[in-house]
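**Q** next comes the sequence, and after it the predicted model I'd like to discuss.
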Amino acid sequence: MSSKEAEQSRHTGRTAAPLDDIAYRILDVLRDNGRVSIAALADKVGISRANAYTRVESLVHDGVITGFSARVDQAKAGLSIGALVFVTVLPQAWASFRERVLEMPDVEWCAITTGEHDAMLLIRAVDVSGVHEFSTGVIAQLPEVRTVVSVVVLDEVIRRPYLLPADLPERSLEVPLGMTRWTPASPGRDTLPPR
């Protein structure tokens, strides 16, 4: 694999080689405690310390592990309000919108989506007026934006650091999928370069 292919693979979430059971066990342990020592990690996974160190370094190098960070209780850290901000973007303004969002410190998470809206942002604020100021005074003022809808988060029921394939249960195809509305992506979303 060339360095350009490796870089492209890292950005699209694909690895050079499929992960094996040991890699998944390492990721499972790190999900619960990212600060675990290499010795403890090796013991929990059942491999040598040298192998654990090499495996973690390889997962980082391949872009499977993208970093290590602390999990913070947002309310206790002073940001007691969360909100989902749904944005509809003008068709030719995707690249510019994406660049602007990357520069916004209020945005914890942003995803380009299918459906009625084009992007979903999770923001944090000190109070509800902060959500209003961001939604109407920052996002809605962007020339790339057509519409904005804000929804205050009342309770975050579950927040996992990440999921692994083994976490997903097998489901029977006989189970009805229920009511799902699928709206195709707007033109231009698929031409964005990967990040």
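**A** Ah, there it is. Residues are numbered from 1 along each chain as shown.
**Q** could you check how far the nearest residue to I81 once chain neighbours are set aside is from A50?
**A** Nearest residue to I81, sequence neighbours excluded (C-beta to C-beta, 6 or more residues apart in numbering): A125, at 4.6 Å. All C-beta spots, glycine's among them, are computed from the backbone N, C-alpha and C. Applying C-beta to C-beta, to the nearest Å, one obtains 47 Å for the distance of A125 from A50.
**Q** same thing with L19?
**A** Counting by C-beta to C-beta, the gap from L19 to A50 is 19 Å.
**Q** between those two, which one's more packed in?
**A** Higher neighbour count among L19 and A50: L19, with 15 against 10, using other C-beta atoms under 10 Å.
**Q** number of nearby residues for the residue nearest to I81?
**A** A125: 20 surrounding residues under other C-beta under 10 Å.
**Q** stretch 20-37 - what's its average pLDDT?
**A** Regarding stretch 20-37, the rounded mean pLDDT is 95.
**Q** quick check: buried residues in that stretch?
**A** By neighbour count on 16 or more other C-beta atoms under 10 Å, the buried set for stretch 20-37 is 23, 25-27, 29-30, 36.
**Q** where does this protein dip in pLDDT?
**A** Within the chain, the segments meeting pLDDT under 70 span 1-17, 173, 175-195.
**Q** the same query, at a cut-off of 80, please.
**A** For the chain, the stretches flagged by pLDDT under 80 are 1-17, 172-195.
**Q** chain neighbours aside, what residue packs nearest to the residue in the chain sticking out farthest from the centre?
**A** Distance from the C-alpha centroid of the chain, by C-alpha atoms, centre = their mean, peaks at S48 (31.6 Å). Spatial nearest neighbour of S48, chain neighbours left out: A42 (6.0 Å); criterion: C-beta to C-beta, 6+ apart.
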